[in-house]
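sequence and predicted model, in that order:
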Amino acid sequence: MSFPAVDPNELSVIAVADLFAGRSWAGVMVSVDYYYGFLQGLIYTPVILIFEDPSVQYSAMLGINAMLISTVPLIAYYLAYRMRTGKIWKCIITAFAAGGYCCYFAHTKFAWTETVSIVLPWFIIRLVFSCADCRSKTSRFFMSLLTGFVCGISLAAHIRLSAVVLAVIAALVLERILFGKKLVNPFAFFIALIPAIAGVLAVSTVIQRVLWCAEDPALLKNTLFDFMNTFAENFSGDGLKRMTETLCAQLYYYAATTWGLGAVSFCLFAAVISACIKHKHRKEPQTYELELSVFAFFSVLSVLFTIVFSTMYRFSSDGYGVYQDTMMFGRFIDGIVPFALVFVLIMLFTHSISMNKILGAAAVLGVIYIAFIGTAVPVILRSESTRIAPVLGLYPLRVGAASRELLNFDSLLLTMSMTFCVMGVLLVVISCTKKYRSIIISALMTMITVYSLVFISVVYLPICRTESVEKNRSVSELSSHVYNQNGAPAVTAYNISRHDALMLQFLNRNITVKVTFDIEAVPENSFLVVNKGEDVSALENSRTPFLLVAECGELRLYAYGERASAYMVSQDIGEEELQTEKETLIPEKTTAPTEQTTPEVTTTVPETSVTTTERTPIVSTYTLPSVITMPAESLDDEDNWAVIE
């Protein structure tokens, strides 16, 4: 991958990084109405400062993603070792199952917010257990401060991590109630958490106003303010019905993408919490250790809270009934799925898993699938298109189905059948052997992980690369003709795709790119980018110089205005030819027959300060009609990346 493919998610993150580096994309970001957080962009800022070439910057960003995601198996190994799984190979299997989760592997191959959103929950649970290791009250106090601070700033990665923060709080409350102990100092935790959240909201508001040009944060989607403002009205009409369908689809996605082990995690969680309540009531020693119980509470509650959040976020989407993946949208769930897998493996290695729990998991699967078929499936089958990324975890289970095919009932039934096959294998292994059950189940988990990774590597990522090349071909070629120099005229993108406009700014950091959808609003003395078939006769017929610079694929680049034309000429020909070219290209169109001839000084190459100070701004606020675009719902709804129709 040489250039971004996920529009506008990746480019919006890079825009934030550029903002921290001292450059603003406000002229083009005004066309983006989704906010994606600022933490990932902050992490990328050093890359922007160190490297100049956009392709090198993008490669370095993916390198940062690789380093960040590589901490996940290390933390999973630490957790397995801490829970006394017994042998090193068991810790390694646990680490591989977590770090090798196929969606982790795929989602971190792009410069969007997924990497930091995936990694932060692992750091949070690691910090919780680090608090328990502190010997003194002072060290525990400061470690608790750090834990609360990390929980707070996690909301700067993505609003969905609020579900993880709630899971941490719930786990600590259950620990206090059921065990009477505290791994974390509650006072220190909350005095760091609350200011951190307030700081995140304040910084986000500033970035939204400066970069997105949104005076009112509620104008942007994917924000906490938007979520709260629209929450009540989303239930009007058939809102409750849609919410029920979406919840069933979310549960189905979770159960299927974990190959049925997600249902096992529910049963094990029920067993742990019921045992803790029973022993607490009877004042007996607890069966399950404190730290194992806390991890059980955190892992499964993270799943449940994220499913609820995703349901609330998706059921009112504009893509409901249009895209098959709208209800099943699993990208939020993908980040916490491995917690459930690690929990199941730790329970297998430390307390074993009985046949009753596997049978209970099979029953849970049956209930989820019946509810899914009865509610969400009819809506999904009526939808006319889908995208791979939001439901990526399902595709490895669709054995033999083409990735470009729409989901049909047979493929959905196949994914359900695969999970029941895993349940069947677990029942046979648990009923027939005790000595080797850990080895056999670990081998099964390893084979599933390897198969999913191979699928992602040979099927999904090549599709992404091909689409990235095709999507960026015209704009990257055209970019070579844009004068990416300090002092060069600004670029106006007239009625082109949002992705192309953002890519122009990404590839040309030294100039300003602005968007407009009104031909009359195109300022003079700028370079104009339009689609090949766009009607620009209003500019061609004017007396202002209007020169074709380049034509690349479906895009054309014009120099509009005397200064832009003179700048183009001064860059493309020798100094001795400059005056002759200006006399032939510029005065004939700029001088009306009845008007005084333009003085010679106006046709000379402008100084840098003149070019930069006389640019005509197109956009002053987010709400100007001239910059309102079609509904821009990012990858979540209106994006065309990896669309199957």
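Right, received. Where do you want to start?

and A493, what element?
Assigned by DSSP states H and E, A493 belongs to strand 491-494.

okay, buried residues for stretch 195-212 please.
A196, I197, V200, L201, S204, I207, Q208, R209, L211, W212 (16 or more other CB atoms under 10 Å). In short, each C-beta sits where N, CA and C put it, glycine included.

now do it: distance to the chain's middle.
18 Å (CA atoms, centre = their mean, to the nearest Å).

what do you get for stretch 292-303?
The answer for stretch 292-303 is 24 Å, by CA atoms, centre = their mean.

repeat that for stretch 87-104.
On CA atoms, centre = their mean, the centre of stretch 87-104 falls 23 Å from the chain's centre.

flag every buried residue along it.
Under 16+ other CB under 10 Å, the buried positions of stretch 87-104 are 90-104.

phi, psi for K514 please.
In terms of degrees, to the nearest 10, the main-chain angles of K514 are phi -130, psi 150.

what do you get for the one 4 residues further on?
Note on D518: backbone dihedrals following degrees, to the nearest 10 are phi -130, psi 110.

equivalent analysis for L407, please.
phi -70, psi 130.

which residue is the nearest non-sequential neighbour of it?
Setting aside the residues directly before and after it, L407 is nearest to Q324 in space (CB to CB, 6 or more residues apart in numbering), at 5.2 Å.

contacting residues for that neighbour?
I380, S383, S385, T386, V391, L406, L407 (CB atoms under 8 Å, 6 or more residues apart in numbering).

would you confirm that S12 contacts V30?
No. Counting by CB atoms under 8 Å, V30 is not a contact partner of S12; they are 12.0 Å apart.

who has more neighbours, those two?
S12 (29 against 26; other CB atoms under 10 Å).

the more buried one and H499: what is the separation?
Distance, S12 to H499, using CB to CB, to the nearest Å: 11 Å.

about what we covered before: please convert the buried residues of stretch 195-212 to TSV, extending it with secondary structure, distance to G260 and pLDDT.
Output for those, formatted as TSV (DSSP: H, G, I helix; E, B strand; the rest coil; distance: CB to CB, whole Å; pLDDT from 0 to 100):
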residue	secondary structure	distance to G260	pLDDT
A196	helix	37	97
I197	helix	36	96
V200	helix	37	95
L201	helix	39	93
S204	helix	39	93
I207	helix	42	93
Q208	helix	42	91
R209	helix	47	91
L211	coil	44	93
W212	coil	42	91
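
would you confirm that V32 contacts H499?
No. Counting by CB under 8 Å, V32 sits too far from H499 to count as a contact (10.3 Å).

of those two, who's got more company?
V32 (28 against 21).

what residues are up against the more buried one?
Contacts for V32 (CB under 8 Å, 6+ apart) come out as P8, S12, W212, R498, L502, A632.

please apply the same query to L461.
A106, K109.

so it belongs to a strand, correct?
No. Secondary structure of L461 (DSSP: H, G, I helix; E, B strand; the rest coil): helix, not part of a strand.

check the gap between it and K109 for me.
For L461, the distance to K109 - CB to CB - is 6 Å.

ok, now A80?
Distance from A80 to K109, by CB to CB: 26 Å.

which neighbours do V32 and H499 have in common?
By CB under 8 Å, 6+ apart, the residues touching both V32 and H499 are P8.

name the SS class of the closest residue to F190 other than its chain neighbours, please.
Closest residue in space to F190, ignoring its immediate chain neighbours: G148 at 6.3 Å, by CB to CB, 6+ apart. Applying three-state DSSP to G148 yields a three-state assignment of helix.

quick check: the nearest residue to N525 once chain neighbours are set aside vs L183, distance?
Of all residues not flanking N525 in the chain, G561 sits nearest, at 3.7 Å (CB to CB, 6+ apart). Separation of G561 from L183 (CB to CB) stands at 66 Å.

then G148?
G148 is 13 Å from L183, by CB to CB.

for S316, same thing?
As for S316, its distance to L183 is 38 Å (criterion: CB to CB).

so the two - more neighbours on which side?
Between S316 and L183, counting by other CB under 10 Å, L183 is the more crowded of the two (22 against 17).

verify the stated contact: the more buried one with F295.
No. The pair L183 and F295 does not pass the contact test of CB under 8 Å, sitting 10.6 Å apart.

residue boundaries of the strands in the protein?
386-387, 491-494, 513-516, 526-531, 546-552, 555-560, 643-644 (DSSP state E).

could you dump those to JSON lines with mean pLDDT, mean neighbour count and distance to I441?
Formatted as JSON lines, the strands of the chain follow (pLDDT from 0 to 100; neighbours: other CB atoms under 10 Å; distance: least, CB to CB, whole Å):
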{"stretch": "strand 386-387", "mean pLDDT": "83", "mean neighbour count": "22", "distance to I441": "33"}
{"stretch": "strand 491-494", "mean pLDDT": "92", "mean neighbour count": "26", "distance to I441": "55"}
{"stretch": "strand 513-516", "mean pLDDT": "91", "mean neighbour count": "26", "distance to I441": "54"}
{"stretch": "strand 526-531", "mean pLDDT": "91", "mean neighbour count": "24", "distance to I441": "56"}
{"stretch": "strand 546-552", "mean pLDDT": "88", "mean neighbour count": "16", "distance to I441": "55"}
{"stretch": "strand 555-560", "mean pLDDT": "91", "mean neighbour count": "24", "distance to I441": "55"}
{"stretch": "strand 643-644", "mean pLDDT": "48", "mean neighbour count": "14", "distance to I441": "35"}
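
now render those as TSV, adding distance to S136.
Formatted as TSV, these follow (distance: least, CB to CB, whole Å):
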stretch	distance to S136
strand 386-387	52
strand 491-494	59
strand 513-516	55
strand 526-531	62
strand 546-552	65
strand 555-560	64
strand 643-644	57
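
of all the ones you listed, which lies closest to A218?
strand 513-516 (21.9 Å; CB to CB).

packing partners of the closest one?
Secondary-structure packing of strand 513-516 (3 or more CB pairs under 8 Å, 6 or more residues apart in numbering; DSSP states H and E): helix 26-29, strand 491-494, helix 498-507.

would you list the ones you listed in a markdown table and tack on distance to L251?
As requested, these are exported to a markdown table (distance: least, CB to CB, whole Å):
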| stretch | distance to L251 |
| --- | --- |
| helix 26-29 | 36 |
| strand 491-494 | 43 |
| helix 498-507 | 33 |
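
looking at those, which is nearest to F546?
Minimum separation from F546 across those (CB to CB) falls at strand 491-494, 12.5 Å.
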